[in-house]
Each structure stands twice: as C-alpha cells, then as structure tokens.
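**Student:** Got a sequence here, can you model it:
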Amino acid sequence: MWFVAASSLLASTVCSAQNGFTTPEGKPYDVTIPMEVTGFDKAVAAEHGYEILADEQGIQYSAKIGATRRGAAEEAVAPANRIGGNCGYSWLYYDAIGHSAAQINTGFQLKWPAVSYYWKVNLRDAGGSSSQTWGGGLFFRSRWGTSKEVTHMTHGHSEARVSKASSVILSNGAVCTSGGPWDSTNVY
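**Tutor:** Numbering: from 1, shown residues only. The predicted structure follows:
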C-alpha cells in the first residue's frame, strides 16, 4: 500500500547542454526532469530494514529501523525534497527515424537503490494515441533505461511524454515519481 504525501513537482527542466548527461547509447538527453519522493511502501521498507516515521507536522519519512528522528540515519528520505533534494532524474529522448517510425529512449537515474518500477510513455500523432509500458524488479540498481522503435506512426508532428504515474520503489520504501519529461519530433 502506498502512503502518498503531498509534493510539488518541479516545473523547471535541465537542458543537456547544462548537465552533460547522455543516454545509454551515448546520445545527449533533450531534457531531464527531476524525480521526487511522493510516498512510501511500508512493506518494502520493512523488508529492507527501514521504517516509515512521521515528524511533528505529520510528514512521513523513511529511516533505518531504530532511527528515532529524521536525519538520524544517513539515508533518511522525506517527500517533497525535505531531506537530500530530489531522489533522482528521469529522461525521454524521442526521434523520427524514417519509414513511419520513431525511436523512444527513456529511463531514470536514482540517488538510492531500488527494488521495482513501473514506467509508461504516452505517444500522440495525427493518427491517434498509444502508450508503451515497462516494469519489474530492479534488484537494487539505481539506473534503468531502454530504447524502443515504434512503427506504423502517422507522418507529421508527434509527441511522447513519460506519464506522471511512472514511479520507482526504492529499497527504503520511498516511492520516487517521474516529473513527466516529454519530447516531440516530425515522423516521416
């Protein structure tokens, strides 16, 4: 069960020219968007030696079992950037590649190890909309990315956007949610 705490998603984007990040294939990211902790999964936290606590204002945070106050554990995490900033960043790179096809490159980089994820990219072109989804175990990895060719696209303007439902469950039980990066291209 997820316990969602209030958070405000950052609206600013970070251009690849400023951060130098590249995709697993070595291409520069068009846009990276921070990911934020938006809640907690108590069962996952407990399974990995963490507990979900609340401060005086009732705001939840994750800490190693036995830590009685926020900040007592090195890896304490709270939603809405209260401790340690964002939990990572997510990206989307979307390019037309000819023959009515486009290439999606998407993923995330986290500050902490994760146990599972759900990732969805929504596509829209003149012919309609569709989506691509991924998910599964991460086995304590903190980075995931994929590339996928999408065929049978309609020629003209097309957009791709990471759904804001895309999220990762960190080993400390925190739910790290994508800010929804997007990109567009002209399919030919």
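
**Student:** Could you pull out the strands in this structure for me?
**Tutor:** 2-4, 14-15, 31-41, 50-54, 60-64, 88-98, 101-110, 114-125, 128-137, 143-150, 156-162, 167-170, 174-178, 182-187 (DSSP state E).

**Student:** Now do the buried residues in the longest helix along the chain.
**Tutor:** Counting by DSSP state H, the longest helix found in the chain is helix 42-47. Buried residues in helix 42-47, counted by 16 or more other Cβ atoms under 10 Å: 42, 44-45. Glycine gets a C-beta too; all of them are placed from N, C-alpha and C.

**Student:** Same question for stretch 113-129.
**Tutor:** So for stretch 113-129, counting by 16+ other Cβ under 10 Å, buried means 114-117, 119-125.

**Student:** remind me which residues of the chain are low pLDDT?
**Tutor:** 1-33, 55-57, 66-86 (pLDDT under 70).

**Student:** before we move on, back to that, how about residues contacting the longest helix of the chain?
**Tutor:** The contact list for helix 42-47, computed with Cβ atoms under 8 Å, 6 or more residues apart in numbering, reads 1, 3, 51-52, 62, 65, 115-116, 169, 171-174.

**Student:** same check, this time on stretch 135-154
**Tutor:** Residues contacting stretch 135-154 (Cβ under 8 Å, 6+ apart): 23-25, 88, 91, 97, 99-119, 123, 125-128, 130, 132, 134, 168, 171, 187.

**Student:** Let's see that with 7 Å instead.
**Tutor:** 23-25, 97, 100-110, 112-119, 123, 125-127, 132, 134, 171, 187 (Cβ atoms under 7 Å, 6 or more residues apart in numbering).

**Student:** Stretch 97-104 now?
**Tutor:** Residues outside stretch 97-104 that contact it (Cβ under 7 Å, 6+ apart) are 94-96, 121, 132, 147-153, 155, 158, 160, 185, 187-188.

**Student:** give the contact list for the residue lying closest to K120 once chain neighbours are set aside.
**Tutor:** Closest residue in space to K120, ignoring its immediate chain neighbours: S163 at 4.0 Å, by Cβ to Cβ, 6 or more residues apart in numbering. Counting by Cβ under 7 Å, 6+ apart, S163 makes contact with 120, 122, 180.

**Student:** In CSV, list those along with distance to G58.
**Tutor:** Output for the contacts of S163, formatted as CSV (distance: Cβ to Cβ, whole Å):
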residue, distance to G58
K120, 31
N122, 34
G180, 27
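
**Student:** Good, wrapping up.
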